[in-house]
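# missing the sequence, but the structure's below:
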């Protein structure tokens with residue numbers, strides 16, 4: 001993995017599971033052991049193989065660092081370029097424009113990682129841009145294309161002492177509605193002592209107050225870097241999937257009920273010794289995306305971390321598809337190494353960036369349209 005990819009992976013991510021965690025694990029089915037309102041379940045590690053047609057797209061950009069498919073737009077991110085977002089039509093594949101500059105100006109970004117959220121509002125696609133530490137912006141894609149520059153519907157500046165403190169101690173921040181945000185909190189950066197579990201704080205912007213907290217992991221003895229995860233919120237903003245880098249584990253959180261469920265394949269264990277020992281440490285989920293119906297994980301399959309940066313090792317990633325109840329539904333074995341991907345829920349395609357910088361489109365019409 002080159003340096004740019006390494007840094008971006010760390011920006012997108014949020015260490016040792018103790019014996020007490022393992023004792024709390026039980027076979028799931030429809031039942032689950034609970035710890036601090038977190039359910040932990042074993043699921044069958046078997047599913048159907050998805051058949052996907054594929055085509056390499058005539059989009060030639062240097063090192064795409066992220067992708068987003070929303071409405072009729074394909075957004076290709078290049079964090080190293082002056083204009084970091086290139087926009088293409090998903091039907092015509094024509095280049096429609098570019099915007100989002102680096103800098104300290106009103107609509108420019110200072111530090112900007114991977115996109116953590118998009119949604120539709122009144123028929124228009126919105127993308128949440130987190131420019132740390134100065135603002136959170138709701139990007140209007142259509143108006144930005146018309147203006148030839150970045151246009152936000154609104155910005156959250158966090159001018160109050162509490163708002164500023166919360167934002168600066170946050171990782172990814174999600175917009176639940178215009179007045180309410182959900183902030184991913186690192187305990188160390190948040191001043192929490194005696195508990196290193198990551199959690200979400202729900203912030204009422206007009207009221208300038210935290211209304212509740214939701215802990216989404218229960219790893220009391222784990223170092224933060226070993227808990228690296230990629231979080232993805234559903235477009236309807238009701239649920240979040242968490243994909244762990246060093247554990248064969250996917251967590252699903254229902255934001256309304258507060259129910260959090262951790263899914264682990266049957267026959268697998270979460271071994272503290274394996275994660276602590278770099279010679280035994282393995283990679284599982286590189287990243288993930290979700291739609292309102294499905295959860296998609298880019299799965300490395302337990303590849304040794306020592307082989308991740310070895311150009312001689314041509315590992316092939318697998319796409320794993322679950323429903324929101326954690327049931328494995330499909331898998332698809334990519335025939336080349338995939339760096340990142342995006343799912344077009346409307347037209348039912350998956351777009352992937354390979355290690356050769358190619359953008360490839362896969363047909364997902366084999367998936368059922370809904371529940």
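Looks like it arrived, so ask away. Here the structure is a predicted model, which is why all the values come from computation and not from measurement.
# would you list the phi and psi of residue 147?
phi -80, psi -20 (degrees, to the nearest 10).
# now the stretch 251-371 of the chain, which segments are flagged as low pLDDT?
Residues of the stretch 251-371 of the chain that meet the criterion pLDDT under 70 lie in 310-315, 368-371.
# what are the ranges of the helices in it?
Here the stretch 251-371 of the chain has its helices, by DSSP state H, counting those that start in this stretch, at 272-276.
# strands of that one, residue ranges please.
Counting by DSSP state E, counting those that start in this stretch, one finds strands in the stretch 251-371 of the chain at the ranges 260-265, 282-290, 295-304, 318-322, 328-333, 338-344, 349-354, 359-363.
# am I right that residue 226 sits in a strand?
No. With DSSP: H, G, I helix; E, B strand; the rest coil as the criterion, residue 226 is helix rather than part of a strand.
# wait, residue 301 sits on residue 320?
No. With contact defined as CB atoms under 8 Å, residue 301 does not count as touching residue 320 (9.6 Å). Where you see a C-beta, it was placed from the backbone N, CA and C, and this is true even at glycine.
# so residue 322 makes contact with residue 328?
Yes. Shown here, residue 322 and residue 328 form a contact pair, counting by CB under 8 Å, at 5.7 Å.
# if we can go back for a sec, of residue 301 and residue 320, which one has the most company?
residue 320 (23 against 15; other CB atoms under 10 Å).
# list the contacts for that one?
Residues in contact with residue 320, defined by CB atoms under 8 Å, 6 or more residues apart in numbering, are 47, 296, 297, 299, 328, 330, 331.
# likewise for residue 141?
With CB under 8 Å, 6+ apart, residue 141 has these contacts: 70, 71, 73, 75, 87, 124, 125, 126, 127.
# just the ones of the residues you listed in strands?
Filtering the contacts of residue 141 for membership in strands, criterion DSSP state E, returns 70, 73, 75, 87, 124, 125, 126, 127.
# how about the residues you listed in JSON lines, adding pLDDT and neighbour count?
Listed next are the ones in strands among the contacts of residue 141 as JSON lines, based on pLDDT from 0 to 100; neighbours: other CB atoms under 10 Å:
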{"residue": "70", "pLDDT": "95", "neighbour count": "23"}
{"residue": "73", "pLDDT": "97", "neighbour count": "20"}
{"residue": "75", "pLDDT": "98", "neighbour count": "25"}
{"residue": "87", "pLDDT": "98", "neighbour count": "20"}
{"residue": "124", "pLDDT": "93", "neighbour count": "14"}
{"residue": "125", "pLDDT": "95", "neighbour count": "21"}
{"residue": "126", "pLDDT": "97", "neighbour count": "23"}
{"residue": "127", "pLDDT": "97", "neighbour count": "22"}
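# now, which of the residues you listed sits nearest residue 198?
When those are compared for distance to residue 198 (CB to CB), residue 127 comes out closest, at 23.6 Å.
# verify the stated contact: the closest one with residue 75.
Yes. Using CB under 8 Å, residue 127 is in contact with residue 75, at 7.1 Å.
# shared neighbours, these two?
Counting by CB under 8 Å, 6+ apart, the residues touching both residue 127 and residue 75 are 68, 115, 141.
# residue contacts, the closest residue to residue 300 other than its chain neighbours?
Sequence neighbours aside, residue 283 is the residue nearest to residue 300 in space, at 4.1 Å (criterion: CB to CB, 6 or more residues apart in numbering). The contact partners of residue 283, taken as CB under 8 Å, 6+ apart, are 245, 246, 300, 302, 303, 304, 305, 308.
# any chance of these in JSON lines, plus distance to residue 229 and neighbour count?
Compiled in JSON lines, the contacts of residue 283 are given as follows (distance: CB to CB, whole Å; neighbours: other CB atoms under 10 Å):
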{"residue": "245", "distance to residue 229": "7", "neighbour count": "23"}
{"residue": "246", "distance to residue 229": "9", "neighbour count": "22"}
{"residue": "300", "distance to residue 229": "14", "neighbour count": "22"}
{"residue": "302", "distance to residue 229": "17", "neighbour count": "10"}
{"residue": "303", "distance to residue 229": "17", "neighbour count": "17"}
{"residue": "304", "distance to residue 229": "20", "neighbour count": "16"}
{"residue": "305", "distance to residue 229": "16", "neighbour count": "15"}
{"residue": "308", "distance to residue 229": "17", "neighbour count": "15"}
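# so who does residue 75 touch?
For residue 75, the contacting residues are 67, 68, 69, 85, 86, 87, 115, 127, 141, taking CB under 8 Å, 6+ apart as the criterion.
# just give the nearest non-adjacent residue to it, would you?
Nearest in space to residue 75, with sequence neighbours left out and distances taken as CB to CB, 6+ apart, is residue 68 at 4.2 Å.
# so residue 152 makes contact with residue 136?
No. With contact defined as CB under 8 Å, residue 152 and residue 136 do not form a contacting pair (9.6 Å).
# what is the neighbour count of the closest residue to residue 58 other than its chain neighbours?
Here the nearest residue to residue 58 in space, its sequence neighbours aside, is residue 93; by CB to CB, 6+ apart that works out to 6.3 Å. Residues lying near residue 93 (other CB under 10 Å) number 13.
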